[in-house]
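Q: kindly generate the corresponding structure for this input.
(chains A, B and C, ligands or ions: 2)
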Amino acid sequence: MANVVLEVKDLTTKYITRFREDVYAVDHVSLKVEEGKSLGIAGESGCGKSTLALSLMGYYFPPLYYTSGEIIIDGKVISGMKPDDVRKSVLGTEIAYIPQAAMNALNPTRKIINFIEDVILAHDPTENKKFIYDLARASFEILGLPPEVLQKYPVELSGGMKQRTVIAVSVILRPKVLIADEPSSALDVTSQKMVIKMLRSLMDTGFIKAMIFITHELPLLYNVTDDIMVMYAGQIVEQAAAREAVFDPLHPYSKGLMGSIIVPEAGLRDVKLAAIPGVPPNLKKPPAGCRFAERCKYVRAECKVTAVPLYAVGNGRAYRCILAEQVLREAYAHGQ
Amino acid sequence: MKGYRKYFLNKLGWFAITFVFAFLLNFILPRLMPGDPVAAIVARQAQGMSNSSGVQAIYQQYTELFGTDKPLLEQFFLYVRNALQGNFGFSFSQYPRTVTSVVGSAIWWTVVLQFPAIIVGWIIGNMLGALAAYIRGGFDKVLMPVAIFVSNFPAFGMAIFLLVIFGVGAKWFPTSGGYGFDLIPSFTPKFLWSAIVHYQLPFWSLVLIAIGGQAIGMRSMSIYELNADYVKYSRFMGIKDRKIVGYVFRNAMLPQITGLALAIGTMVGGALIAEIVFSYPGLGTIMLSAVMGRDYPLISFATLIITIMALLANFIIEILYGFIDPRIKATQAD
Amino acid sequence: MQYSLRQAFRSGKFVTGFALFAAMLVIVIVYPLIITYPPLQIIAQGTFFPPGIYVSTYDSVNAPTTYTLNLDDAAAKRIASKLKAEDRTAMKEWLVAAGIPESEIDAADTAKLLAQWEANYDPKKQVAGMTFARSRYFQRVNTSISGLLSSEGAILATKAPDTGALQQAGTVKQTDYVNVSEIPNVRLLPLGTDNFGRDVLTELIRAAGVSLEIGLVAGIIATLIGLTLGLLAGYVGGVVDDVIVFITNLFTVIPGLVLLILISFSLGQDKRGPVTIAAVIGLTYWVWTARSVRAQVISLRNRDHVNLSKLSGHSIPHIIINDILPYIASYVIMAFILQISSAILAEASLSILGLGPRTTDVPTLGLMMNWAMIYQAHLLQKWWAYLPVLVTIAMITFSMNLMITGLDQVFNPALRD
Ligand SMILES: Nc1ncnc2c1ncn2[C@@H]1O[C@H](COP(=O)(O)OP(=O)(O)OP(=O)(O)O)[C@@H](O)[C@H]1O
Ligand SMILES: [Mg+2]
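A: Ligands and ions are numbered 1, 2, ... in the order given. Just a heads-up that it's a prediction; the model follows:
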């Protein structure tokens, strides 16, 4: 059994809106990532992927609040730690995050090297500048980035270079887990490839031990990650190895989502979101039964009565549907 | 540094172009009015007030000096030649003073009043706006409506309020003029003290107006920056909030500087009117008396000088901005 | 658009601003229908009559019915209004100077004080060390209080047309009252009169109306110019864009007020009607609209729906009207509201400089301000001549800015609280 780098047990977090309503955007989520593995998270826009990523950091600020559950990184429980301690000894060192809009993630009026200094000094105020510079330079070299970048302002970098710089800065303290939230969706194809290549190399070069990769682009996920988790309305609806999730999805939502990826034209990418008719439920008042019931082709009366648990079917596979594996597979075979 | 030089030259060129353009406008606008060119203004005045032959002579002199009865192009060259010699004619209403001497004695009052007021108002306004954005809550809820109200209040209204409350009512400060009416401008302590006392009301009325507008601008800039992606990212890299607030305010401040450069034209206009309320011996008051005395050469020259002052202020701010914002140098470099 | 409007009405700031503005509009429209005095008519002989109800003295004396009311405090009030505390101390001072021992004088005892005064005061008496002005003051006090305590009425007399002899026509007793509603000539001047002797309230409401019209006309002109230039620059791009940006930048740094001054002065007083002034303001104040429209259009220009429209071969006007305008409508509306309020302020500034509309046909807020300043209402503490004008200007601009702030928060969610 490989070493588990990140373990999340029953994590629930909520947004409190300015009208004092609770939005449970991460609802009893559990997951595990082993050393050397990567996990992909997929789902429609608004299903809570980014919120999950933020929640995993263990550092909460309004309007996001921690409700319950446990986050364990490399054997260390970080949920429940004091925010100041989290900031100092978890963020950037245990777990790092590449935000969805990485293009704007860097302070536009600060040179890259100065920002790196700020990051390192925030964790160890005694470090000297020379050391920091050497460290940054070495890291950039390993990651194939020109060291001149260090002396530049973010505006002077191209989009792809900015993205790769953010990645390099994120791993400068060698965090154990890296979460990349849609790191490539705003880039052109060449830059996308470079970014993906760089992310995959991070584990080989020892910068990180495990990675979580969030994206809309399912084909990409299949190529990049070992496992895939599908989210719907704040919950996990399916967990499986990448190959199984893509080619043999169990949950009707995954099926709909995966079915819609095989679209011929890249220009029609946005169409895929509409491929499943209907809209996700309002997270302020989620339905009592299966949250997908409203949009499900195979819906039955009992689906809407009680909440559906996540059924484990062995081999790390799980799905959240009252229908048996066999029934679903048959339905899919006939349906399409 | 190369980037900065390029930026500087760019701005300098722009300044020169606007200068020429302002000069042209100043020449051509009065002459473009349908059926009512400068010649007509001069003639009208000559008729209206020709009771004394002396006045008649002044207008004659002006007509000759600027050739207002000649074709437009010729007039223009005359105008340029005279301007290059610093000759803008005599003031109709304060003959035999030249307009340059009338404006020359007023301009310092305006400069010393307006620029410190705008700068102080800018600084205080930005601090309040940043605080409102950062603290939010009660402070914000009180400050913002007040700031909106104050910034919408016309500059002359603020001037009148201060004048009535602190000048006429409480009698803390004198109500008009730039110094005691029994004094002659000089560098004696008595005169300086009088000038300082007279300075307060006009100064603070301009400051208050500037504070309102700047506080609103800074607040929205800061709120925008506080929500920027780099704030979230910096937090998740473990950087302390204090440091991040530093980033945010620096970044929010920078557009405020360009905002100031853009707003300076409006501010100068408002301040001129406020001067009138206090009968402050600056360009605004000069302008009023020129209008009253139908003193065409004086109006023309005063507007030119005010425009140049605004252009210059704008230029200086942009030059400083280029120094402060690294993005300027960066984007100019290639 | 409809949705945005509904959103806007959810914003407290917008609703407050809108309600304020609507209330002002209603007043400006309804008031002249009810009260039809000509706004520029000079009714008062003299300047700055204070606010109040003006009752014709002649009509009160000749009122059809006189009523007798026995009110206990009538005499006391009458005396109090004539005999102020400072007069009492002054009287005491005179009496002391005239040789009455100080212990015998009680300034609070009105009856005794007046008796002593009547017994001792002699206008011809020279008191040592008293200035001429001071002795004149005592003479004035003396006339104003003479007969104050008597309970006799005053006699009304008429002059016989041929002989010029006075004939008693009646008496007015201290207990006589008239009912104001029976008096034909009563004029309410809630805000008094101005320096020319005109009813300030009527004038003010008309002025607010004219100023709003000026704002509206100037706003429409400025918005149309700004919108056209912004659309052209943003959508057509290329050389057109360069030229327009150049012009816009020029007009940004040249103070708008200076241009206004130059143009207005060159126009000459008789050509400056309110509409002309509005047009001139509109022609100089379009810069900000052009700037922001251009920026918006540039960001829209390459959106998918615009590209789609282009591919389908729609003409430029069609694309602009159907695919661009709806997206920038909210900004244009905000800019328009802003133009209106800045045009009203611009008119006021111009008028204070003496370059406002010609003064003969209509009042404007700026002109009223100008008159008040020229006649020094602010230094003479005639607040009713300038304060209501300032408050009106502030209310107009404040309500408009509230609307803009409200809209801004609806359209730019980041600014929300
Ligand atoms: N600041 C907030 N306040 C209240 N609710 C929020 C906030 N941010 C997000 N939400 C809600 O939380 C839910 C999850 O949002 P999240 O950003 O995690 O989705 P996502 O899956 O990352 O979507 P995308 O693919 O578009 O990035 C959404 O329903 C959203 O409306
Ligand atoms: Mg997201």
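Q: ok, A:Thr51 - how many residues close by?
A: Summarising burial for A:Thr51: neighbours were counted as other C-beta atoms under 10 Å in any protein chain shown, giving 22. For every residue, glycine as well, the C-beta is placed using N, CA and C.
Q: and what of the one 4 residues further on?
A: A:Ser55 sits with 26 neighbouring residues when counted by other C-beta under 10 Å.
Q: the strands in the stretch 1-150 of chain A, which residues?
A: A:4-16, A:22-34, A:38-42, A:64-73, A:76-77, A:95-98 (DSSP state E, counting those that start in this stretch).
Q: adding mean pLDDT, distance to C:Ala107 and mean neighbour count, write those out as TSV.
A: Converted to TSV, these look like this (pLDDT from 0 to 100; distance: least, C-beta to C-beta, whole Å; neighbours: other C-beta atoms under 10 Å in any protein chain shown):
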stretch	mean pLDDT	distance to C:Ala107	mean neighbour count
strand A:4-16	90	71	19
strand A:22-34	89	75	20
strand A:38-42	90	93	25
strand A:64-73	89	74	17
strand A:76-77	88	88	12
strand A:95-98	91	85	28
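Q: go through those and name the closest to C:Trp371.
A: strand A:4-16 (56.9 Å; C-beta to C-beta).
Q: so what strands line up beside the closest one?
A: Using DSSP bridges, the strands paired with strand A:4-16 in its sheet are strand A:22-34 (antiparallel), strand A:64-73 (antiparallel).
Q: show me the contact partners of that strand.
A: Here strand A:4-16 makes contact (C-beta atoms under 8 Å, 6 or more residues apart in numbering or on different chains) with A:22-35, A:51-52, A:54-56, A:60, A:62-74, A:79, A:95, A:176-177, A:209-210, A:212.
Q: could you export it as CSV, CA atoms only?
A: Extracted as CSV, the C-alpha positions of strand A:4-16 are listed here (Å, rounded to 0.1, in the frame of the first residue of the first chain):
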residue,chain,number,x,y,z
VAL,A,4,-1.4,8.4,1.2
VAL,A,5,-0.4,12.0,0.7
LEU,A,6,-3.8,13.6,0.9
GLU,A,7,-6.8,12.3,2.6
VAL,A,8,-10.1,14.0,3.0
LYS,A,9,-12.9,12.6,5.2
ASP,A,10,-16.4,13.9,4.9
LEU,A,11,-15.5,17.5,4.2
THR,A,12,-18.3,20.0,4.1
THR,A,13,-17.8,23.7,3.5
LYS,A,14,-20.3,26.5,2.8
TYR,A,15,-20.5,30.0,1.4
ILE,A,16,-22.6,32.5,3.4
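Q: does ligand 1 sit close to it?
A: Yes. Strand A:4-16 comes into contact with ligand 1 (C-beta under 6 Å from any ligand atom), by way of A:Tyr15.
Q: distance between that strand and the chain's centre?
A: 12 Å (C-alpha atoms, centre = their mean, to the nearest Å).
Q: how about stretch C:397-410?
A: For stretch C:397-410, the distance to the chain centre is 23 Å (C-alpha atoms, centre = their mean).
Q: kindly report the same for stretch A:74-82.
A: Worked out by C-alpha atoms, centre = their mean, stretch A:74-82 lies 19 Å from the chain centre.
Q: show me what counts as buried in that stretch.
A: Residues of stretch A:74-82 classed as buried by neighbour count (16 or more other C-beta atoms under 10 Å in any protein chain shown): A:Asp74, A:Ile78, A:Ser79, A:Met81.
Q: check what contacts it and list those residues.
A: A:3, A:5-6, A:11, A:58, A:66, A:69-72, A:86, A:90, A:94-95, A:176, A:209.
Q: now do stretch B:212-221
A: B:121-122, B:124-126, B:128-130, B:132-133, B:140, B:143-144, B:146-153, B:252-253, B:255-256, B:259-260, B:263, C:415.
Q: now the residue nearest to C:Ala98 when sequence neighbours are not counted: how far from chain A?
A: Spatial nearest neighbour of C:Ala98, excluding adjacent residues (C-beta to C-beta, 6 or more residues apart in numbering or on different chains): C:Asn120 at 5.7 Å. Here C:Asn120 is placed at a distance of 79 Å from chain A (C-beta to the nearest C-beta, to the nearest Å).
Q: who is A:Ile236 paired with across the strands?
A: So, taking DSSP bridges as the rule, A:Ile236 has A:Met231 as bridge partners.
Q: for burial, what's the neighbour tally of C:Phe411?
A: 15.
Q: right, and it touches C:Ser330 too?
A: Yes. Judged on C-beta atoms under 8 Å, C:Phe411 makes contact with C:Ser330 at a distance of 5.0 Å.
Q: check what pLDDT A:Met229 gets.
A: Looking at A:Met229, its pLDDT is 91.
Q: from what I can see it touches A:Leu39, true?
A: Yes. Between A:Met229 and A:Leu39 there is a contact at 6.2 Å, judged by C-beta under 8 Å.
Q: spit out the residues that contact the two alike.
A: Common neighbours of A:Met229 and A:Leu39 (C-beta under 8 Å, 6+ apart) are A:Leu31.
Q: for the chain, which element, helix or strand, carries the lowest mean pLDDT?
A: Because you didn't say which chain, this covers chain A. helix A:218-224 (a mean of 73; mean pLDDT, DSSP states H and E).
Q: to clarify, I was referring to chain B.
A: helix B:38-48 (a mean of 60).
Q: using PDB, write down the CA coordinates of the helix or strand following it.
A: Following helix B:38-48 in sequence order, the next helix or strand is helix B:53-66 (DSSP states H and E). Output in PDB follows, covering the C-alpha atoms of helix B:53-66 (Å, rounded to 0.1, in the frame of the first residue of the first chain):
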ATOM      1  CA  SER B  53     -11.800 109.100 -26.900                       C
ATOM      2  CA  GLY B  54      -9.200 107.400 -24.800                       C
ATOM      3  CA  VAL B  55     -11.200 104.100 -24.700                       C
ATOM      4  CA  GLN B  56     -11.600 104.400 -28.500                       C
ATOM      5  CA  ALA B  57      -7.900 104.700 -28.800                       C
ATOM      6  CA  ILE B  58      -7.300 101.400 -26.900                       C
ATOM      7  CA  TYR B  59      -9.600  99.500 -29.200                       C
ATOM      8  CA  GLN B  60      -7.900 101.100 -32.200                       C
ATOM      9  CA  GLN B  61      -4.600 100.000 -30.900                       C
ATOM     10  CA  TYR B  62      -5.800  96.500 -30.400                       C
ATOM     11  CA  THR B  63      -7.200  96.300 -33.900                       C
ATOM     12  CA  GLU B  64      -3.900  97.400 -35.300                       C
ATOM     13  CA  LEU B  65      -1.800  95.200 -33.100                       C
ATOM     14  CA  PHE B  66      -3.800  92.000 -33.900                       C
END
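Q: which secondary structure elements does helix B:53-66 sit against?
A: Other helices and strands packing on helix B:53-66, by 3 or more C-beta pairs under 8 Å, 6 or more residues apart in numbering or on different chains; DSSP states H and E, are helix B:38-48, helix B:72-84.
Q: got a list of what the closest residue to B:Leu12 other than its chain neighbours touches?
A: Distance criterion C-beta to C-beta, 6+ apart; nearest residue to B:Leu12, sequence neighbours excluded, is B:Phe315 at 7.7 Å. Residues counted as contacts of B:Phe315 (C-beta under 8 Å, 6+ apart) are B:Lys11, B:Leu12, B:Phe15.
Q: element containing the first one, please.
A: This means B:Lys11. helix B:2-32.
Q: now the closest residue to ligand 1 within chain B: phi and psi?
A: Taking C-beta to the nearest ligand atom, ligand 1 has its nearest neighbour within chain B at B:Asn227, 9.8 Å off. The phi and psi values for B:Asn227, taken as degrees, to the nearest 10, are phi -90, psi 0.
Q: now it: how far from A:Leu145?
A: 29 Å (C-beta to C-beta, to the nearest Å).
Q: three-state assignment of the residue nearest to the spatial centre of chain B?
A: In chain B, the residue lying closest to the centroid (C-alpha atoms, centre = their mean) is B:Val268, at 2.2 Å. Secondary structure, DSSP: H, G, I helix; E, B strand; the rest coil: B:Val268 is helix.
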